[in-house]
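**Q** After the sequence you'll find the predicted model.
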Amino acid sequence: MTTATTARRTAVRRAAAALAVSAVFGVAAAPAASASTTPPPSAAPLPSGLFGTSDPAYDGVWRQSLALLAQDTAGLTPAGKAVDWLTAQQCADGAFPSYRADVSGPCDAKVLRDSNATAAAVQALTATGGREQAVTKAVGWLKSVQNADGGWSYNPGGASDANSTSVVIGALVAAGAKPEAVTSAKGGKSPYDALLTFARPCGGADGGAFVYQPQMPGAIGDSTAAAVTAAHGRGLAPEAGAATGAGTAAAACDKAAKDLKGAAGNGAAYLTAATAKSGHLLTAPMPGAEDSAPKPDFGNTADAVVALAVQGRTEQARKSLTWLEGNAAAWAKQSGPAAYAQLIFAARAAGGDPKDFGGTDLVAALTATGPTPEPSASASADKNDKKKEEKKDSGPNMWWIVGAFFAASAGAGFLLSGRRKSRS
């Protein structure tokens, strides 16, 4: 399944769930979940600065941001044109859409602003550096569309959801802001206040998990992994050893937990239990799909590894990472840049090696999907040193050759002169 296909499936799932919610509660479907907000497929040729070859209409900015962020975590300097492409996607108000093929003109009302794409772009541009103005404008836009409950929706105007709120928290932290201090104009609520509203109490199959929205569960593993990571103030690519939770304590849900720290612990307990037997999460059934049988969910399992590592449940994180190492290579190859990035983030968080991931060099595979990174400072220095050595070596060698030539010429002259004298 390609990344674009996954994005389409997500949009359809959200739309179907929102319509079901509106039928039950008698409210209009949120813009974030409306099928009309899905951008049309792109017919324009793909730009050279973009990662991946699949249609970017649904995930262009998202996959570009993850790719740049993953290269940065691997110690590479992304190509300038790749960073320029991402920056050019930004609208004048600071927001990023999912993708726009024509950036020659301003973003009009038809260009759908995307909180997830904007938050991912902030994290990528902060990591790569040199785009402070773009980052500042993007953060300003995110703050301007914060909901009264302190959270964010996929598109402005919709109800807050755990995934969007989580990725924005990561963006705020990356940009140097304190999420707890970013409060809504109406209600004075912070993103952490909103995040806590998605936590389910202990008990039942989803006890301790974070739901996509209180009235719309969605993909529980996806929203739980995102929320646990964000609860610790971490972004898409937390550093290894960033554990701040309760360690590898028992996986049981704590009924006494009332604050976000306790909810994050319960969320990690849910992920631990969900991955304990097989090492991976399962896909959520798609509404109306012919084949609704659950299958291994590679992307959300990678996100779960990150969440478990951040929470401090390293044992289970490494178990799931081992499963990914043995099974995710084909999925990543088919899905493209964002998939490779997710696996790189998981390996980094759980202490794996992204350059030897079950025999696959994830960094090289990701790099092959986009523009060649800039030469590193050390590589440039080595290249310059090599040139100096070659120049240094070439000087004496060349003069030795020249000298030998003249000596040989002189010797040949004496021989010819001798032959002439002997003949005379």
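**A** Received it, and whenever you're ready, just let me know what you need.

**Q** Flag the shaky bits of this protein, pLDDT-wise.
**A** 1-44, 217-218, 240-251, 285-291, 377-424 (pLDDT under 70).

**Q** okay, which residue is most central for it?
**A** Closest to where the C-alpha atoms of the chain average out (C-alpha atoms, centre = their mean) is Leu66, at 2.8 Å.

**Q** Could you verify my assumption that that residue touches Ala302?
**A** No - if you go by C-beta atoms under 8 Å, Leu66 and Ala302 don't touch, sitting 11.2 Å apart. Yep, even glycine has a C-beta here, placed from its N, CA and C like the rest.

**Q** intersection of neighbour lists for these two?
**A** Gln342 (C-beta atoms under 8 Å, 6 or more residues apart in numbering).

**Q** Am I right that Gly265 sits in a helix?
**A** Yes - per DSSP: H, G, I helix; E, B strand; the rest coil, Gly265 lies within a helix segment.

**Q** Look up phi and psi at the residue nearest to the centre of the chain.
**A** phi -60, psi -40 (degrees, to the nearest 10).

**Q** show me the contacts for it.
**A** Leu66 touches 120, 124, 236, 337-338, 341-342, counting by C-beta under 8 Å, 6+ apart.

**Q** Can you tell me which of these end up in helices?
**A** Counted as lying in helices by DSSP state H, out of the contacts of Leu66, are 120, 124, 337-338, 341-342.

**Q** Which member of the residues you listed is positioned nearest Lys189?
**A** Taking C-beta to C-beta as the measure, Lys189 lies nearest Ala120 of the ones in helices among the contacts of Leu66, at 23.2 Å.

**Q** how near is Leu196 to Thr53?
**A** Distance of Leu196 to Thr53, given as C-beta to C-beta, to the nearest Å: 41 Å.

**Q** the more surrounded of those two?
**A** Leu196 (20 against 12; other C-beta atoms under 10 Å).

**Q** Please report how far that one lies from Phe210.
**A** Taking C-beta to C-beta, one finds Leu196 at 9 Å from Phe210.

**Q** Now the common contact residues for the two.
**A** With C-beta under 8 Å, 6+ apart as the test, Leu196 and Phe210 both reach Ala263.

**Q** so how many other residues sit close to Ser278?
**A** 13.

**Q** Could you measure from it over to Asp114?
**A** For Ser278, the distance to Asp114 - C-beta to C-beta - is 33 Å.

**Q** Please apply the same query to Asn147.
**A** 15 Å.

**Q** Check Ala127 too.
**A** Taking C-beta to C-beta, one finds Ala127 at 19 Å from Asp114.

**Q** More neighbours: these two, which one.
**A** Ranked by neighbour count (other C-beta under 10 Å), Ala127 and Asp114 place Asp114 first, with 25 against 19.

**Q** from what I can see that one touches Phe96, true?
**A** Yes - contact criterion C-beta under 8 Å: Asp114 and Phe96 qualify, at 6.2 Å.

**Q** Quickly list what's touching both of these two.
**A** With C-beta under 8 Å, 6+ apart, Asp114 and Phe96 have common neighbours Val61.

**Q** Can you tell me the number of residues neighbouring the spatially closest residue to Ala328 that is not a sequence neighbour?
**A** Leaving aside its sequence neighbours, Ala328 sits nearest to Phe298 (C-beta to C-beta, 6 or more residues apart in numbering; 4.9 Å). If you count neighbours by other C-beta under 10 Å, Phe298 ends up with 24.

**Q** for Phe298, what are its contacts?
**A** So Phe298 contacts 280, 324, 327-328, 331-332, 335, 339 (C-beta under 8 Å, 6+ apart).

**Q** How much space separates Ser320 from Lys137?
**A** Taking C-beta to C-beta, one finds Ser320 at 37 Å from Lys137.

**Q** Please identify which of the two sits among more neighbours.
**A** Counted by other C-beta under 10 Å, Ser320 and Lys137 do not tie: Ser320 has more neighbours, with 27 against 19.

**Q** quick one: which helix or strand includes that one?
**A** Here Ser320, judged by DSSP states H and E, is contained in helix 314-327.

**Q** Of all the residues in whichever helix or strand comes after that helix, which ones are buried?
**A** Past helix 314-327, heading to the C-terminal end, the next element that is a helix or strand (DSSP H and E) is helix 329-335. In terms of neighbour count (16 or more other C-beta atoms under 10 Å), helix 329-335 has its buried residues at 329, 331-332, 335.

**Q** These into a markdown table, with extra columns for distance to Val168?
**A** Output for the buried residues of helix 329-335, formatted as a markdown table (distance: C-beta to C-beta, whole Å):
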| residue | distance to Val168 |
| --- | --- |
| Ala329 | 31 |
| Trp331 | 27 |
| Ala332 | 26 |
| Ser335 | 24 |
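
**Q** Okay then, goodbye and thanks.
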